[in-house]
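K.L.:
take a look and give me a structure for this.
(one chain, ligands or ions: 1)
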Amino acid sequence: MWPDRRILDLFGIELPIVLAPMAGASGAELAIAVGEAGGLGSLPCAMLSPDQIRNEIGVIRQRTARPLNLNFFAHKSPPADPDREAGWKKRLQPYYAEYGIDPATIPSGPGRNPFDEAACAIVEEHRPEIVSFHFGLPEEALLDRVRRTGAKIIASATTVAEARWLESAGCDVIIAQGAEAGGHRGIFLEEDVATQPGTFALVPQVVDAVSVPVIAAGGIADARGLAAAFMFGASAVQIGTAYLKCPESLITPIHRAALSQARDDRTVLTNVFTGRPARGLMNRFVRETGPISADAPAFPLPTSAAGPLRKAAEAAGSSDFSPLWAGQAAPLAKPMPAAELTRGLAREAQALLSKAAGA
Ligand SMILES: Cc1cc2nc3c(=O)[nH]c(=O)nc-3n(C[C@H](O)[C@H](O)[C@H](O)COP(=O)(O)O)c2cc1C
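P.N.:
As a prediction, this is how the structure comes out:
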């Protein structure tokens, strides 16, 4: 029924829809719902401790026998940079003063964890069918250990060069992440996000450049996007923002309300929350300190600096300091349970593809 079955057969799933792993925004409930509906459920691990990862996997494995994708960040932890971190806090001082926050009380912490020995041990212990990486790949020795578990290895590319690099490093599948995508750019070979292609341009070029199957990601939020991805030669799609609107997502009511008002021309790439460019809805913090600031410390060090502002503002009912991650296609998605969304997308895309084929 699908024009290309490579990913369905490789992953052992029924529908060519991957739930995008969304650190801080998706957990076991979304993974279970999408997996049970026939797509691929993903668990983002970058913001979880090893114990939390084990717990979430336990819940998922108990409630579904479907394949699971465990997702990790593959960045290198930057060395501490006290001067730059202090400079950034100084930049934020007027906001701390506005909310009565003493910057000396803000703990510094990384906020997001790279794939490391402890994470690798969890993969070896729990043997997820698929392991996915964002920001490149971990060091060869760790990657080999993942490969030896039998997991299929997939990773995001934001350019043709990154896709080729990932294929030569042994990835089984490449996720082509266009500039429309919500959340962090997976960029890892270059730094300049301004030159990055959108999904419409990126996916067919990646398909032409590599021989492994390609998953299209970024700006796909309805059946038209799913059908179009197949036309571009993709074998599946990875969808994030549309699933944020589902009741199973973990986003705050403030983020949910902002998403319901999202517009095509209100998202922007910003590094002021984490130090790496990520797409979210424009708000006061992003506008006044960025959207891209050369002063922000390296990823993921700025995370802790904005945290107390977010907390204080949200307590007062404001989204001014919240990271409101969203992709450009956010308005296309309707809020509904994730299983319903997954099945509906597949059903409608199949109808569109049959129509295009003149069936
Ligand atoms: C809230 C949010 C968090 C994300 N976190 C991750 C993550 O932890 N790991 C990852 O590989 N990708 C992450 N992404 C990127 C997605 O994998 C995917 O590329 C993107 O959602 C696709 O574009 P769309 O949002 O337009 O569907 C995140 C995206 C969003 C919206």
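
K.L.:
check contacts around Ile17.
P.N.:
Applying CB atoms under 8 Å, 6 or more residues apart in numbering to Ile17 gives the contacts 34, 38-40, 226, 236-237, 239, 342, 345-346. C-beta here means a position set from N, CA and C on the backbone, and glycine is covered the same way.

K.L.:
go on, Ala155?
P.N.:
74, 132-134, 136-137, 166, 171, 174-175, 186.

K.L.:
try Ala23
P.N.:
Counting by CB under 8 Å, 6+ apart, Ala23 touches 44-47, 71, 73, 112.

K.L.:
now secondary structure and pLDDT too, for the contacts of Ala155, in JSON lines please.
P.N.:
Listed next are the contacts of Ala155 as JSON lines, based on DSSP: H, G, I helix; E, B strand; the rest coil; pLDDT from 0 to 100:
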{"residue": "Ala74", "secondary structure": "coil", "pLDDT": "98"}
{"residue": "Ser132", "secondary structure": "strand", "pLDDT": "98"}
{"residue": "Phe133", "secondary structure": "strand", "pLDDT": "98"}
{"residue": "His134", "secondary structure": "strand", "pLDDT": "98"}
{"residue": "Gly136", "secondary structure": "coil", "pLDDT": "98"}
{"residue": "Leu137", "secondary structure": "coil", "pLDDT": "98"}
{"residue": "Leu166", "secondary structure": "helix", "pLDDT": "98"}
{"residue": "Cys171", "secondary structure": "coil", "pLDDT": "98"}
{"residue": "Ile174", "secondary structure": "strand", "pLDDT": "98"}
{"residue": "Ile175", "secondary structure": "strand", "pLDDT": "99"}
{"residue": "Gly186", "secondary structure": "coil", "pLDDT": "98"}
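
K.L.:
what is the nearest of those residues to the ligand?
P.N.:
Nearest to the ligand, judged by CB to the nearest ligand atom, of those is His134 at 3.4 Å.

K.L.:
and stretch 37-47 with the ligand, contact?
P.N.:
Yes - contact of stretch 37-47 with the ligand (CB under 6 Å from any ligand atom) involves 44, 46.

K.L.:
residues of that stretch that come out buried?
P.N.:
37-47 (16 or more other CB atoms under 10 Å).

K.L.:
quick one: pLDDT of Ala359?
P.N.:
Note for Ala359: predicted pLDDT of 65.

K.L.:
can you check Ile106 too?
P.N.:
Per-residue pLDDT puts Ile106 at 87.

K.L.:
again, but for Ile13
P.N.:
If you check Ile13, the pLDDT there is 98.

K.L.:
who's in contact with it?
P.N.:
Counting by CB under 8 Å, 6+ apart, Ile13 touches 7, 38-40, 66-67.

K.L.:
Glu162 now?
P.N.:
Residues near Glu162 by CB under 8 Å, 6+ apart: 136, 156, 186-189.

K.L.:
apply 10 Å and report the result again.
P.N.:
Glu162 sits next to 136, 155-156, 174, 176-177, 186-190, 196, 206 when contact means CB atoms under 10 Å, 6 or more residues apart in numbering.

K.L.:
with Ile57 instead?
P.N.:
Ile57 neighbours (CB under 10 Å, 6+ apart): 28, 31, 43, 45, 68, 70, 122-123, 125-128.
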